[in-house]
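Trainee: Structure of the sequence below:
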Amino acid sequence: MKLPTFLFLAALTLGASASITAVRDIFEHSCVECHNAEKDKGGLRMDVRASFLKGGDSGSPIDLKTPDKSELLRRVLLAHDDDEFMPPSSKKKERKPLTQEEINRLKNWITKGAKWDEKITLKHRERSATKEDYSKADPNLASIAVYPTSITLETKRDFHRLIILATDKNAVTRNVTSSVKFTIADPSLTRIEGSTLFPIKDGATTVNIAFRGKELTVPVVVKDAAKDRRVSFQQDVIPVFTAAGCNTGACHGSARGQDGFMISLFGYDPKGDYQRVTREFAGRRINLALPEESLLLTKTIGSVPHTGGKLFEKDSAFYSTLLEWIKDGASYDPAEIALPIKIEVEPKEFLLEGSGRKIPLTVKATYSDGTDRDVSTLSNYTSSNDNSISIDASSGISSSKTQGEAFLMARFHTFTEGSMAIVIPDGLKYSQPKLEPLNYIDQHVHNKLHKLRIIPSEIC
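Mentor: This is a model prediction of the structure:
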């Protein structure tokens, strides 16, 4: 089977430098349109790191050991009239071949290890699309909002992703994160990659966000930027189990466990889980002498048979977390370890027009010591109505389908919170009626009817 054009392009984005930003434009212009969560041509997704490295029907698009033999590079270097040339053109859409400069960037990126921060999700952008004029106001734009509204970065491994949504005068919401202009007041304190902030040194600063004439400011506080935080069983390992689906009712979290291994549902019994992971099995699931040979790792990356299949890649953040914990001695947490006391899911509600519109959710956990943490990549997501709006279980990116309403739920630790989403048809002919509220409840009802584009019946 042929390797889709967008597959090899995505690989490009991963390796031009130490960051995917070196090839991001190549992937988003030429690959992601056909290789995403909704349309994975050839079984390949190029919008997220784990899926890209996993490959599609034609195998992996890149070869890190011998970059020159990468299938992605082979396809882009073929003659333009070759059936396997990438990116392909069709009667519906003409796609320009990669320039020599783009091919060089792609090759360089692969050669340097195809680095791609798993927190970065790529989105299709037309090559001809022009950048927004941040100084020019949009008369149809009512407001912009940023989530979260403030950020605290604690320890050098902390990070927080920003999501920016624009709402027009008809209450329709769209994700403009990739189109806004970010300006950090003091770049010596924090750096931004894509829309994710990372600490540099202690202090307080702000991030200014500009989009089509509207601006927002996000306060940022950096603490203990030079200090590292030890990997914790309760703070890090159990969340990996939850995010990977290990402790769900359909897997090892069931009442009888799975294949002789049982852990608590969603990690409600951490002490019991620790006992089972480190002490229960005669052959031991943890190998302190050879951490990489631990069953806890070899099963999750698929190097040994696993009923649940391959859960994540060897170079993923999940694998690194488990490996680091084992290398540090696979110890249990001290009694005073900070634990989550609540989570917050944002945006709380949004309205999408038409199908294929995407809005990401962000999840922030607050801990008992007052610290907080972006746990969006460690949460599980579900939708109450996949027919109207679906959501990727691991990335938290929602996608509109047909008219309707859905409750999008995010789960982290033992906490569950949600967001309300409404989808209306694209191009729907509707004019908001003038309704006089008789009380404060009427006002809420009228607002909801407006979002659903429903005109109420006359009074009997």
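Trainee: what sits against residue 300?
Mentor: 244, 306, 310-312, 318-319, 322 (C-beta atoms under 8 Å, 6 or more residues apart in numbering). For the C-beta atoms, the positions are set from N, CA and C on the backbone; glycine is no exception.
Trainee: For the residue nearest to residue 256 when sequence neighbours are not counted, give its distance to residue 280.
Mentor: Sequence neighbours aside, residue 262 is the residue nearest to residue 256 in space, at 6.8 Å (criterion: C-beta to C-beta, 6 or more residues apart in numbering). Distance, residue 262 to residue 280, using C-beta to C-beta, to the nearest Å: 9 Å.
Trainee: Give me the domain ranges for this protein.
Mentor: In terms of domains, the chain is parsed into 5-111, 141-223, 233-327, 340-424, 433-460 (source: automatic domain parsing).
Trainee: With respect to residue 120, which of these lies nearest?
Mentor: domain 141-223 (4.8 Å; C-beta to C-beta).
Trainee: Report how many residues lie close to the residue nearest to residue 256.
Mentor: With neighbours defined by other C-beta atoms under 10 Å, the count for residue 262 comes to 19.
Trainee: My read is that it contacts residue 251, right?
Mentor: No - counting by C-beta atoms under 8 Å, residue 262 does not reach residue 251; the two are 9.8 Å apart.
Trainee: returning to what we had before: give the PyMOL command for selecting the buried subset of the contacts of residue 300.
Mentor: To isolate the buried subset of those in PyMOL, counting by 16 or more other C-beta atoms under 10 Å, use the following:
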select buried, resi 244+311+312+318+319+322
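Trainee: how about a markdown table for the domains of the chain, with distance to residue 119 and mean pLDDT added?
Mentor: Below are the domains of the chain laid out as a markdown table (distance: least, C-beta to C-beta, whole Å; pLDDT from 0 to 100):
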| stretch | distance to residue 119 | mean pLDDT |
| --- | --- | --- |
| domain 5-111 | 9 | 75 |
| domain 141-223 | 5 | 93 |
| domain 233-327 | 8 | 86 |
| domain 340-424 | 6 | 93 |
| domain 433-460 | 31 | 83 |
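Trainee: Make a markdown table from these and add distance to residue 126 to it.
Mentor: Shown next, in a markdown table, are the domains of the chain (distance: least, C-beta to C-beta, whole Å):
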| stretch | distance to residue 126 |
| --- | --- |
| domain 5-111 | 7 |
| domain 141-223 | 12 |
| domain 233-327 | 30 |
| domain 340-424 | 14 |
| domain 433-460 | 28 |
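Trainee: What strand or helix carries residue 26?
Mentor: Using DSSP states H and E, residue 26 sits in helix 24-30.
Trainee: Which strands or helices does the next helix or strand after that helix pack on?
Mentor: Moving toward the C-terminus from helix 24-30, the next helix or strand (DSSP H and E) is helix 49-54. With contacts taken as 3 or more C-beta pairs under 8 Å, 6 or more residues apart in numbering; DSSP states H and E, helix 49-54 sits against helix 5-15.
Trainee: In contact with residue 441: list those residues for me.
Mentor: By C-beta under 8 Å, 6+ apart, residue 441 has no neighbours at all.
Trainee: How far off centre is the helix or strand where it lies?
Mentor: Residue 441 is located in helix 440-452, with elements delineated by DSSP H and E. Centroid separation for helix 440-452 versus its chain: 32 Å, with C-alpha atoms, centre = their mean, to the nearest Å.
Trainee: got the buried residues for that helix?
Mentor: Those would be 446, 450-451, for helix 440-452 by 16+ other C-beta under 10 Å.
Trainee: Out of those residues, which is nearest to residue 358?
Mentor: Of these, the one sitting nearest to residue 358 (C-beta to C-beta) turns out to be residue 451, at 18.6 Å.
Trainee: which residues touch the residue nearest the centre of the chain?
Mentor: Centroid-nearest residue in the chain, with C-alpha atoms, centre = their mean: residue 395, separated by 3.7 Å. By C-beta under 8 Å, 6+ apart, the residues touching residue 395 are 37, 48, 121, 360, 377, 381.
Trainee: Pick out the most distant pair among those.
Mentor: 37 and 377 (15.1 Å).
Trainee: Can you give me the pLDDT of residue 117?
Mentor: At residue 117, the model reports a pLDDT of 80.
Trainee: ok, how many other residues are close to residue 184?
Mentor: Applying other C-beta under 10 Å, I find that residue 184 has 17 neighbouring residues.
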